[in-house]
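Undergrad: what follows is a predicted protein model with its sequence.
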Amino acid sequence: MILKDDEFGEVIVRKNSLSRNIKFTISTSGRLSMSVPAHTSEFLAKRFLNSNRATIKEKLPVKNPETQRARDYQKKILAKKAREYLPYRLDYYANLYGYSYSKCRLTHANTRWGSCSSNRTISLNIGLMKVPETLRDYVILHELAHLNHMDHSKAFWAEVGLHDKNYKTHEKKLKQFSPGL
Ligand SMILES: [Zn+2]
């Protein structure tokens with residue numbers, strides 16, 4: 001359920017059968033998010049929101065509705081760019097170096113640039129479209145190398161190094177960027 005609030009913009013209400021009381025957090029989009037017991041009505045949720053308004057303003061960095069909308073828009077653009085680029089780039093390097101993965105998934109997690117699962121699915125963060133191409137390629141080569149080494153062992157890094165000689169610099173530079181929006 002989503003509440004429209006003049007002050008906080010869209011407020012996400014998550015029903016949680018395990019929770020006994022109301023908890024406020026900030027979602028990755030910068031929206032206010034409320035976790036409420038399963039049978040909480042919209043009326044009750046609004047009442048809790050109103051009675052906690054002062055505390056929320058004091059403690060939680062809610063983004064204003066305009067910022068929320070701007071971020072949604074930015075994410076949409078980024079996702080579109082990512083769809084038109086990342087799967088093809090991944091495929092290009094996989095073919096070039098003889099890797100076979102099962103599928104490419106695009107994500108927008110806040111904490112990681114990419115991952116490789118044991119079923120050979122490679123996930124790439126749409127935020128990669130914001131970083132320089134060399135770093136983007138590094139992430140792709142890093143995840144491809146995980147197809148052969150599901151860890152960060154010496155053998156893994158040696159394999160990354162085969163395809164990206166400057167991987168150490170790239171790994172360091174990547175830390176200057178954040179995958180989140
Ligand atoms: Zn890794």
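TA: Yes, it's here.
Undergrad: every contact and neighbour count from this point should use C-alpha atoms.
TA: OK.
Undergrad: report the longest strand in the chain, please.
TA: In the chain, assigned by DSSP state E, the strand with the most residues is strand 9-16.
Undergrad: please state the mean pLDDT value computed over it.
TA: Average pLDDT, strand 9-16: 90.
Undergrad: now do the following helix or strand past it, average pLDDT.
TA: For strand 9-16, the following helix or strand on the C-terminal side (DSSP states H and E) is strand 23-26. The pLDDT scores in strand 23-26 average 90.
Undergrad: now strand 23-26: buried residues?
TA: Buried residues in strand 23-26, counting neighbours by 16 or more other CA atoms under 10 Å, are found at 24, 25, 26.
Undergrad: need the three-state assignment for residue 71.
TA: Secondary structure of residue 71, reduced to three states by DSSP: H, G, I helix; E, B strand; the rest coil: helix.
Undergrad: can you show me the strands along the chain?
TA: Going by DSSP E, the chain shows strands at 2-5, 9-16, 23-26, 32-37, 103-107, 114-116, 121-125.
Undergrad: what about the residue sitting nearest the centre point of the chain, distance to residue 81?
TA: In the chain, the residue lying closest to the centroid (CA atoms, centre = their mean) is residue 109, at 1.4 Å. Distance of residue 109 to residue 81, computed by CA to CA, to the nearest Å: 16 Å.
Undergrad: returning to that earlier point: and which of the buried residues of strand 23-26 is nearest to residue 119?
TA: residue 26 (32.5 Å; CA to CA).
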